[in-house]
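J.: quick check, what structure comes out for this input:
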Amino acid sequence: MSTTTSVSEPILHQSTRIGFTPPSKNQPSTHKKMKKRRDGASMFRSEPMKLYQMILVKEAAFECVAEIGKHGNVQFIDLNAKLSLYSRSFVKQMRRCEEMERKLRFLEKQVITCKPDIEPKSIDFTDLSAPTQAEMIQLDHKLDQLEKEFLDLNSNDYALRKNLNSSREFHHVMKLVDEFFQVHKEEDTKARFERSATTEDVEIFSKSFGFGGLPSTNEMPLTPLLPTDDNPWFVAGVLPLDKKESFERILWRACRRTAFVKTSDASFIINDPMTLEPQLKCVFIVFFKGESLGLIVEKVCEGFNATQYPCPKTSKDRKMKMAEIEGRIKDLTIVIDTTQTHRYTILKDLSFDIPKWLKNIQIQKSVFAVMNMFTVDTNGFLAGECWIPAAEEDDVRQALHDGFKASGTEVEPILNELWTNAPPPTLHRTNKFTKVFQSIVDSYGVGQYLEVNPAPYTIITFPFLFAVMFGDAAHGAILLFSALFFIMNEKKIDAKRIRDEIFNTFYGGRYIMMLMGIFSIYTGMLYNDAFAKSFNVFGSGWANTFNETQIDWWIARGARKKREFSLELVPETAFDIEKTYPFGVDPIWNIADNRLSFLNSMKMKASVVIGITQMTFGVFLSVLNHFHFKSYIDVITNFIPQIIFLTCIFIYLCIQIIVKWVFFSVNADNILGYDYPGSHCAPSLLIGLINMFMFKQRNEGFYDENGKVHRNCHLGYWYPNQQIVETTLIAIAMACVPVMLLGKPLWIRFVTSKRHRLQETKSVKSMRRNGTTVSAPTSPVVDADPPKFEDAELLLADELDIGENIHHSLADIFVHQAIHTIEFVLGCVSHTASYLRLWALSLAHAQLSEVMWHMVLIQGLHAADNIQDENIAFYAKPVVAAVSFFVFAVLSLSILIMMEGLSAFLHALRLHWVEFQSKFYLGTGHSFHAFYLKENLENAQLVTEETDRLADISAGQN
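T.: Predicted coordinates for the structure are as follows:
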């Protein structure tokens, strides 16, 4: 068989055979170092993948595939996707494994539902060795025997319990009947029963039963039972307790009040023989006369699932029968207990063997499932295709070598590297810390092969953006301590294997919670906010400029007029710039009336700066993709115009914000070449940006020619040549739009037309060499000359996968580029506005925190201040304080931390998915799913745990 023959559709070029040489075993340390480097590098960009063709001899295929499954570094391609599952080569083996699994699950259910409880054992994931075929044949035979044995045990147990239940019911029936006749003698009962049917009753029931079904009053004898009647004049039995009242009512009406029904007040418990669920039942006695009434009573009993039992008529016979039944109950109880003990012993031993058997079955089932993806030829060879990480090639060859040795065959496996234009799968190696961040990115979409991975940057940016919206040092500390609790108890929690979905959501995100808590503490210290309170650590830069006499006079005046007064601290005199608070917001703003005006302005501008910075960073990441894929036209027609567009408008706005923060204050000064009169003339950046787009004429500087301050001095130009700079920036930004819109489509049109001309020229030259104009030569012509510029362009077109039918899709390319350009231009504006959610949610969180502090905790603590009695107040205040703090703590945890935290998390998620990743990340790839036996065994273990959980729920309900 030729090793270069294509065996599947995805292969586009014939492969070259690569000799199977197992890797040297004296390189473990070097291999570990390379693996560590690879794990770190694969976070920034997916691992390089290679497509291989694997050719195995049929006798060694099972051992080779099983050995590969131990490592989890190969993704097999299904070459039989068009075939049904029942038309594949190893369908018989798969059916046998499924049948064995069914039998094993049946035995496992017997173990789980056994009484007393038997704890199911877990699968040992450390040893992934595949069982031999002889072992599986023996296991199949043993499982078949055990299944038959337990089916017989269950059948016998059901029959014994059903017999026991019948004996107990019969015993209760005879006991009640005997007690009833001890109180009511038979003759007295018969006489009272004869007087029960009056003429009035007959008329009432004849009206009630005037329509079909039941016999009429003339046909139904309403007289009591006669002494000469040979038929039994009463029946007794048991029925479910919940049907007691309905049974009496229906029987009363069906028999036209000619039957007397007596039910026991006390109930007794009977266990269902199949499910062992307890059922409440009661005893009934029905007195009637005639065969017609007997048939009616029998049908009613059948409808209500009531069981009738024949009772002896005399008390002596009943007592003898009761003694006989009591002996039978004891014998049945002994037999059932002995059977249960034997059953428990067998199941106890099985509980240790079932995990081993389940592991062997799952391993064989998984291996045969992979072998069904191979194609089988007539010579007994299996050929398959698989994706292998380039760095794992040596490990895969070693695994194939080990499987080949274990099989004992003479034909070595062959691994051929193939070339294909199919997109390889994406693999990012993660650990328990980076896994949650990678899952956030993959939820948006799996990255394309070798595309820049946003996850490493998300590790920092995601918790930071969350903290900007959640900025409270105290709430961040609670998040941090919660995450540290999960991290410090990882081993205990993993050992318990908790399957609660909500708990696992928080536990799986413990590391992102830790970072969110740390960043929230940081931003809370910047905002100087903890439970809506500020801390004066470094001393405020503001000072009181009023003397005590003035303040006392204002306080007295406010008391007389019953109104509050407020002091206004003038920054020129009350603020010392040399004592500026060194870190975060000055604590005096916590008690200022204009606190919101100050904080809103600061947070809004900070949100714009943060948002534009992240968007710009995303655009710079896109150039890494362009260079890596050698798409230099995208660098020229997309990246450069995009970064220029951002710089001319949005980065220019960020520079204005920072300059305003740094240079403009309340003091008059010469700033940027203009005399600045004071804070009332600080430039308005938002209106200035609008005027920039409107090309509106404004005043130069802050003073006119006469030295007077302009009326709208905050709207004028505030640095020299601002009009020229802004006009130039707008012109450059607008010029970038047609470059983004038309640059790439026109270049593709130019390259494709050049390609077609080159192909036509080569075709003419080749025909001239053959001296004919009929057809081109059948063998390729090799030119010894070095490639010219046109040939290089042709190769470039091939690299970009520009097909011959590109002319039919140029319109689509223009439309796609137009959509991309419009999305970017409009997205820059909408995304910048979207980042204002950082300011909005931060404001909402701070205000809710303040409401909780003042309206819940403080008012609760002072609720008992109006109590006049000191003794009552002495005991009431601690109670009220404890209740208030409890309510405050519950509301803070539920609303401020959980609800507000979830809201901030979702908004941070949206900012990363839409505003950040859309600048460079496509997310249209498919993930690498390796064949890993451990993963399949974990799924099988989950089925066992879920069965155990459902059994516990069922037992708890019962």
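J.: all strands of the chain, in order?
T.: 49-57, 75-77, 234-240, 260-263, 268-271, 278-287, 307-309, 375-376, 381-389, 414-418, 669-671, 674-676 (DSSP state E).
J.: by contact count, what packs against the fourth one?
T.: Applying 3 or more CB pairs under 8 Å, 6 or more residues apart in numbering; DSSP states H and E, one finds that strand 260-263 contacts helix 244-254, strand 278-287. Using the backbone N, CA and C atoms, a C-beta is placed for each residue, glycine as well.
J.: of all these, which one is nearest residue 410?
T.: strand 278-287 (66.0 Å; CB to CB).
J.: which secondary structure elements does that closest one contact?
T.: helix 133-183, strand 234-240, helix 244-254, strand 260-263, strand 268-271.
J.: the third one packs against which elements?
T.: For helix 244-254, the packing partners by 3+ CB pairs under 8 Å, 6+ apart come out as strand 260-263, strand 278-287, helix 291-303.
J.: pLDDT of it, averaged?
T.: Mean pLDDT, helix 244-254: 86.
J.: C-alpha coordinates for that helix, PDB please?
T.: Extracted in PDB, the C-alpha atoms of helix 244-254 (Å, rounded to 0.1, in the frame of the first residue of the first chain):
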ATOM      1  CA  LYS A 244     -61.700   6.500  51.800                       C
ATOM      2  CA  GLU A 245     -64.300   9.200  51.600                       C
ATOM      3  CA  SER A 246     -64.800   8.900  47.800                       C
ATOM      4  CA  PHE A 247     -65.200   5.100  48.300                       C
ATOM      5  CA  GLU A 248     -67.900   5.600  50.900                       C
ATOM      6  CA  ARG A 249     -69.800   8.200  48.800                       C
ATOM      7  CA  ILE A 250     -69.700   6.300  45.500                       C
ATOM      8  CA  LEU A 251     -70.700   3.000  47.200                       C
ATOM      9  CA  TRP A 252     -73.500   4.700  49.100                       C
ATOM     10  CA  ARG A 253     -75.000   6.100  45.900                       C
ATOM     11  CA  ALA A 254     -74.300   3.100  43.700                       C
END
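J.: what angle separates it from strand 234-240?
T.: Counting by axes from the mean of the first three to the mean of the last three CA atoms, to 10 degrees, helix 244-254 lies at 140 degrees to strand 234-240.
J.: count the residues that sit near the nearest residue to residue 390 once chain neighbours are set aside.
T.: In space, and not counting its chain neighbours, residue 390 is closest to residue 48: 4.1 Å by CB to CB, 6 or more residues apart in numbering. Using other CB atoms under 10 Å, residue 48 has 15 neighbouring residues.
J.: and residue 373, by the same measure?
T.: Neighbours of residue 373 (other CB under 10 Å): 20.
J.: would you confirm that it contacts residue 75?
T.: No. The criterion here is CB atoms under 8 Å, and residue 373 misses it with residue 75 at 10.5 Å.
J.: before we move on, the earlier item: I'd like the helices and strands packed on strand 260-263 as TSV, with mean neighbour count and distance to residue 845 appended.
T.: Below are these laid out as TSV (neighbours: other CB atoms under 10 Å; distance: least, CB to CB, whole Å):
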stretch	mean neighbour count	distance to residue 845
helix 244-254	16	59
strand 278-287	20	53
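J.: make CSV out of these and add distance to residue 465.
T.: CSV is the format used below for the helices and strands packed on strand 260-263 (distance: least, CB to CB, whole Å):
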stretch, distance to residue 465
helix 244-254, 64
strand 278-287, 57
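J.: any idea which of these gets closest to residue 122?
T.: Nearest to residue 122, of the helices and strands packed on strand 260-263 and by CB to CB, is strand 278-287 at 31.9 Å.
J.: and the contacts of the closest one?
T.: With contact meaning CB atoms under 8 Å, 6 or more residues apart in numbering, strand 278-287 is reached by 169, 172-173, 176-177, 180, 189, 193, 225, 233-242, 244, 247, 251, 259-264, 266-272, 297, 306, 958.
J.: if we go to 7 Å?
T.: 172-173, 176-177, 180, 193, 233-241, 244, 247, 251, 259-264, 267-272, 297, 306, 958 (CB atoms under 7 Å, 6 or more residues apart in numbering).
J.: stretch 436-456 now?
T.: Contacts of stretch 436-456 (CB under 7 Å, 6+ apart): 43-46, 49, 423-424, 426, 428, 430, 434, 458-459, 462, 508-509, 511-512, 621, 624-625, 628, 909, 913, 917, 920-927.
J.: that stretch: which residues count as buried?
T.: 436-438, 440-442, 444, 446-456 (16 or more other CB atoms under 10 Å).
J.: picking that back up, worst average pLDDT in the strands of the chain?
T.: When I compare the strands of the chain, strand 260-263 is least confident, with a mean of 83.
J.: tell me the strands beside it, with direction?
T.: According to DSSP bridges, strand 260-263 has the following sheet partners: strand 278-287 (antiparallel).
J.: now do the partner strand against helix 291-303, angle only.
T.: For strand 278-287 against helix 291-303, the angle by the same axes, to 10 degrees is 170 degrees.
J.: related to what we said a few turns ago, from the contacts of strand 278-287, list just the buried residues.
T.: 172-173, 176-177, 180, 193, 233-241, 244, 247, 251, 259-264, 267-268, 270, 297, 306.
J.: what residues go with each domain of the protein?
T.: If you go by the TED database, the domain ranges for the chain are 232-312, 434-538+577-593+844-929.
J.: of all those domains, which one is nearest residue 396?
T.: When the domains of the chain are ranked by proximity to residue 396, the top entry is domain 434-538+577-593+844-929, at 13.8 Å, counting by CB to CB.
J.: quick one: end-to-end distance for that closest one.
T.: 18 Å (CA to CA, to the nearest Å).
J.: any weak-confidence spans in the stretch 451-600 of the chain?
T.: Applying pLDDT under 70 to the stretch 451-600 of the chain flags no residue at all.
J.: circling back to that earlier point, got the helices and strands packed on strand 278-287 as a markdown table, with distance to residue 667 columns?
T.: Formatted as a markdown table, the helices and strands packed on strand 278-287 follow (distance: least, CB to CB, whole Å):
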| stretch | distance to residue 667 |
| --- | --- |
| helix 133-183 | 89 |
| strand 234-240 | 92 |
| helix 244-254 | 92 |
| strand 260-263 | 98 |
| strand 268-271 | 90 |
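J.: quick one, longest helix in the chain?
T.: The longest helix of the chain (DSSP state H) is helix 315-371.
J.: circling back: I figured the residue nearest to residue 390 hits residue 387, correct?
T.: No. Residue 48 lies out of contact with residue 387 (CB atoms under 7 Å); the separation is 10.7 Å.
J.: which phi and psi does residue 122 have?
T.: The phi/psi pair for residue 122 (degrees, to the nearest 10) reads phi -90, psi 160.
J.: wait, doesn't it sit right on residue 358?
T.: No. Residue 122 is beyond contact range of residue 358, at 10.2 Å (criterion: CB under 7 Å).
J.: out of the two, which sits in the busier spot?
T.: Legend: neighbour count by other CB under 10 Å for residue 122 and residue 358, higher for residue 358 (23 against 13).
J.: for the stretch 851-958 of the chain, which spans come out with low pLDDT?
T.: Along the stretch 851-958 of the chain, segments meeting pLDDT under 70 span 952, 954-958.
J.: can you show me the helices along it?
T.: 859-861, 870-891, 900-910, 933-957 (DSSP state H, counting those that start in this stretch).
J.: quick one: which of those helices is nearest residue 152?
T.: helix 933-957 (22.7 Å).
J.: tell me what the closest one is packed against?
T.: On a contact count with 3 or more CB pairs under 7 Å, 6 or more residues apart in numbering; DSSP states H and E, helix 933-957 meets helix 91-112, helix 315-371.
J.: between strand 49-57 and the last one, find me the angle.
T.: Yep, that's helix 315-371 we're talking about. Using the same axes, to 10 degrees, helix 315-371 lies at 110 degrees relative to strand 49-57.
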